[in-house]
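[1] Build me a structure from this.
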Amino acid sequence: MSSIRRDIAVVAFTQSRHTAEDAGLAEVEILAPVITEIKEKTGLTRFGFTCSGSNDYLSGLPFSFVSALDAVGAWPPISESHVEMDGAWALYEAWVKLLHGETDTALVYGFGKPSQGDLREITTQGLDPYYLAPLGVDHVSLGALQARAYMERSGAKEDDLRA
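    Below you'll find the predicted structure:
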C-alpha cells in the first residue's frame, strides 16, 4: 500500500465583520468582499477547486449556496462543490482533493446568516425529521446530552467541563 504525501498549506484567510444585529445585507453581499480580498491576497483569480459550506435552513430555502456563487464568479464554469454544514466540512473536502492531487489550488469558504430567524428553532429543523426534530432538540440541548453522556461514561464532573 502506497501512502500519499503532499504538502498542503493555507496561504490566505479573511472573514467578514461579525455583528450581533442584522446589517441588512444578503449573504452574497457579505461574501463578495471576502472573496475579493482572498483573490487579492493570493493573486489568483481562478482556483482549481471551490468548496463552500453553509446551512440551507438558515436562509430558509433549498440550494441557497447557488446564490453565493455570484460572489465567487462561476463563469466560465468552475469545479465547485457544496457541503451542507459549515466551512470545516468544506475545508476537509478541499483537503482531500488537494491531498490526492486532483487540484493544486482551492478556494474554501463557509457562510451563514443566523440573524434571519431563531437559531435554536432553525437548528432543530436540520435534524432527523422522524426522531429528533419532533423532540424539539437543538444544538444547545444536543450538546448538553453529549456532555451528560461523557460525564457518565468517564466519571468527569460538571466542573471538569468548564473552561
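[2] Give the other helices and strands that the helix or strand of the chain with the lowest mean pLDDT contacts.
    When each helix and strand of the chain is scored by mean pLDDT, DSSP states H and E, helix 56-59 comes last, with a mean of 78. Packing partners of helix 56-59 (3 or more CB pairs under 8 Å, 6 or more residues apart in numbering; DSSP states H and E): helix 119-125. From N, CA and C alone the C-beta is placed, and that goes for glycine too.
[3] ok, back up a step: ok, residues contacting the next helix or strand after the least confident helix or strand of the chain?
    Counting by DSSP states H and E, the next helix or strand C-terminal to helix 56-59 is helix 65-72. Contacts to helix 65-72, defined as CB atoms under 8 Å, 6 or more residues apart in numbering, come from residues 26-28, 31-32, 34-35, 50, 52, 54, 56, 78, 80, 82, 107, 109, 111.
[4] filter those to the buried ones?
    27-28, 31-32, 34-35, 50, 52, 54, 56, 80, 82, 107, 109, 111 (16 or more other CB atoms under 10 Å).
[5] So which of these sit within helices?
    Among these, the members found in helices (DSSP state H) are Glu27, Val28, Leu31, Ala32, Val34, Ile35, Asp56.
[6] Would you mind putting the CA coordinates of stretch 123-137 into CSV?
    Extracted C-alpha coordinates of stretch 123-137, given in CSV (Å, rounded to 0.1, in the frame of the first residue of the first chain):
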residue,chain,number,x,y,z
THR,A,123,-31.1,24.1,14.0
THR,A,124,-33.8,21.8,15.1
GLN,A,125,-35.1,21.6,11.6
GLY,A,126,-31.8,20.3,10.3
LEU,A,127,-32.0,17.2,12.4
ASP,A,128,-33.5,13.8,11.6
PRO,A,129,-37.2,14.7,10.8
TYR,A,130,-38.7,11.5,12.2
TYR,A,131,-36.9,11.0,15.6
LEU,A,132,-35.1,14.2,16.6
ALA,A,133,-36.9,17.2,15.2
PRO,A,134,-40.2,16.3,16.8
LEU,A,135,-38.5,16.3,20.2
GLY,A,136,-37.5,20.0,19.7
VAL,A,137,-33.9,19.4,20.5
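[7] about what we covered before: show me which of the buried ones among the contacts of helix 65-72 has the smallest pLDDT value.
    Among the buried ones among the contacts of helix 65-72, Asp56 carries the weakest pLDDT, at 81.
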